[in-house]
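> Provided below for reference: sequence and predicted model.
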Amino acid sequence: MNAQKYYQGFKMALFFMAGVVVCTDALQYIAHARAEVEDTTPRAVLAANEESMDDDKDEDTEFEAGKYASFEKDLEVGPEKEEEKQPAVQQKRQVQQPAQTTPPPPSTSQWPVTYSNAQAASLTVVVNKKHRLSSSYTPPLVSVQGGYLRPEAASALNQLFADASKAGVSLKIISSFRSYSTQVATYNRWVARSGQAQADTFSARPGHSEHQTGLAVDVGGVGSGCDLSTCFGNTPAGQWVAANAHRYGFFVRYPAGMQGITGYQYEPWHLRYVGSAAAAIVGSGLTMDQYYGVAAGGYQ
Ligand SMILES: [Zn+2]
């Protein structure tokens with residue numbers, strides 16, 4: 001009888017150990033798959049973007065590398081690699097305490113990051129609630145369609161408007177470049193009207209607005225009646241913009257259902273210019289923040 005008990009006990013122990021090994025492998029596989037997915041696309045794209053930068057190449061390269069480094073920090077790639085080297089006994093303890101495999105949230109003290117003016121000048125600068133522009137940053141601007149944008153974005157927008165017109169869609173600019181001081185007034189006005197929590201869902205705090213880059217533009221359909229409203233997305237103008245903007249280097253920066261990542265409600269009217277990277281960003285199905293692996297979400 002004792003021998004049978006020992007045998008059953010031995011079987012149970014074997015089962016348990018096999019379970020531990022399978023769980024550990026699965027966790028490591030998931031962690032690596034996640035790192036790979038986030039890893040490869042941005043690296044390849046960042047490399048391509050670095051090549052396309054004409055001036056300030058060194059600064060831009062450092063900037064992109066810096067952005068990537070901070071993302072790696074978020075993923076806590078280092079500690080996961082260390083776990084691989086640990087003996088099986090310690091891996092077992094790891095499985096019993098799954099909370100340890102979840103990367104801790106980044107220290108709130110590091111947000112927001114303020115870009116240098118050289119970094120801010122990159123066509124692919126990711127401005128969001130965790131990454132802001134300096135109050136002293138003003139891009140070079142030219143007049144376009146009644147607004148002001150950086151020259152690259154302005155000529156692309158002219159082409160976009162012209163082709164939209166040929167397709168029977170009449171577009172207009174509602175808002176384009178906004179200076180830091182204009183954003184101070186805009187944001188304060190919304191806070192006074194709606195309260196800060198509500199204002200933060202659709203109006204950027206000063207320095208956090210893409211409009212300060214000179215690469216963002218709010219467009220509307222002439223006579224559509226949906227200016228700065230989500231119904232713009234359902235109008236012929238809104239649908240044409242969503243389907244074609246990437247061909248001109250623009251894309252809808254705040255898509256529907258992505259508020260948890262972008263930090264903003266759906267804004268079918270808000271277009272961001274990045275140049276040749278736009279098609280790849282749209283094709284990826286990711287937000288710009290995700291595509292470049294830059295921390296986003298709320299201010300904290
Ligand atoms: Zn906008």
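Happy to help now that I have it.
> please count neighbours and contacts with C-alpha atoms only from this point.
Fine.
> in the stretch 101-250 of the chain, what residue spans correspond to strands?
Here the stretch 101-250 of the chain has its strands, by DSSP state E, counting those that start in this stretch, at 113-114, 131-132, 142-144, 147-149, 171-175, 216-221, 250-254.
> redo the ones you listed as a markdown table? Include mean neighbour count and mean pLDDT.
Converted to a markdown table, the strands of the stretch 101-250 of the chain look like this (neighbours: other CA atoms under 10 Å; pLDDT from 0 to 100):
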| stretch | mean neighbour count | mean pLDDT |
| --- | --- | --- |
| strand 113-114 | 16 | 94 |
| strand 131-132 | 23 | 96 |
| strand 142-144 | 16 | 98 |
| strand 147-149 | 22 | 98 |
| strand 171-175 | 18 | 98 |
| strand 216-221 | 24 | 98 |
| strand 250-254 | 26 | 98 |
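> and stretch 283-298, how far apart are its ends?
25 Å (CA to CA, to the nearest Å).
> get me the contact residues on the chain for the ion.
Contacts of the chain with the ion, taken as CA under 5 Å from the ion, map to D218, H270.
> can I see the domain layout of the chain?
As assigned by automatic domain parsing, the chain contains the domains 2-104, 113-291.
> so where's this protein uncertain?
1-109 (pLDDT under 70).
> helices of that one, start to end?
With DSSP state H, the ranges of helices along the chain come out as 2-52, 57-75, 77-85, 88-96, 117-120, 151-166, 180-194, 196-199, 236-244, 259-262, 278-284, 288-291.
> so what's Y115 up against?
Going by CA atoms under 8 Å, 6 or more residues apart in numbering, Y115 touches H131, R132, L133, S134.
> doesn't S122 make contact with the third one?
If I follow you right, that is L133. No - the pair L133 / S122 is not scored as a contact, 11.7 Å apart, by CA atoms under 8 Å.
> look at those two and report which has more neighbours.
A direct count of neighbours by other CA atoms under 10 Å for L133 and S122 places L133 higher, at 28 against 22.
> roughly how far apart are the more buried one and H211?
From L133 to H211 the distance is 10 Å (CA to CA).
> check M288 too.
Separation of M288 from H211 (CA to CA) stands at 15 Å.
> more crowded one of these two?
Neighbours were counted for M288 and for H211 using other CA under 10 Å; M288 has more, 27 against 24.
> who's in contact with that one?
V126, R253, I281 are the contacts of M288 under CA under 8 Å, 6+ apart.
> what about the nearest residue to the first one once chain neighbours are set aside, how many neighbours?
Closest residue to V126 in three dimensions, ignoring its sequence neighbours and counting by CA to CA, 6 or more residues apart in numbering: D289, at 6.5 Å. When counting by other CA under 10 Å, one arrives at 19 neighbours for D289.
> residues contacting D289?
By CA under 8 Å, 6+ apart, the residues touching D289 are V126, I261, T262, A295, A296.
> reformat the residues you listed as TSV; add distance to L141.
TSV is the format used below for the contacts of D289 (distance: CA to CA, whole Å):
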residue	distance to L141
V126	19
I261	29
T262	26
A295	28
A296	27
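> which member of those is positioned nearest the ion?
Of all the contacts of D289, T262 has the smallest distance to the ion: 13.0 Å, by CA to the ion.
> the closest one contacts A295, correct?
No - counting by CA under 8 Å, T262 does not reach A295; the two are 9.6 Å apart.
> which parts of stretch 252-266 are buried?
By neighbour count with 16 or more other CA atoms under 10 Å, stretch 252-266 contains the buried residues V252, R253, Y254, P255, M258, Q259, I261, T262, G263, Y264, Q265, Y266.
> dump these into CSV; add distance to V219 as well.
Listed next are the buried residues of stretch 252-266 as CSV, based on distance: CA to CA, whole Å:
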residue, distance to V219
V252, 11
R253, 12
Y254, 13
P255, 15
M258, 20
Q259, 20
I261, 23
T262, 19
G263, 20
Y264, 17
Q265, 16
Y266, 14
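> only alpha carbons, please: show stretch 126-146 as CSV.
Extracted as CSV, the C-alpha positions of stretch 126-146 are listed here (Å, rounded to 0.1, in the frame of the first residue of the first chain):
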residue,chain,number,x,y,z
VAL,A,126,5.4,62.1,-31.6
VAL,A,127,3.6,64.7,-29.5
ASN,A,128,1.1,63.4,-27.0
LYS,A,129,0.2,63.7,-23.3
LYS,A,130,3.6,62.3,-22.2
HIS,A,131,5.7,64.1,-24.8
ARG,A,132,5.5,67.9,-25.3
LEU,A,133,7.1,70.7,-27.2
SER,A,134,9.0,73.6,-25.5
SER,A,135,7.2,76.9,-25.2
SER,A,136,10.0,78.4,-27.4
TYR,A,137,9.4,76.0,-30.3
THR,A,138,8.0,77.6,-33.5
PRO,A,139,8.4,75.8,-36.8
PRO,A,140,9.0,77.5,-40.2
LEU,A,141,5.6,78.3,-41.6
VAL,A,142,4.0,79.2,-44.9
SER,A,143,0.5,80.3,-45.7
VAL,A,144,-1.8,77.6,-47.1
GLN,A,145,-5.6,77.5,-47.8
GLY,A,146,-6.2,80.3,-45.3
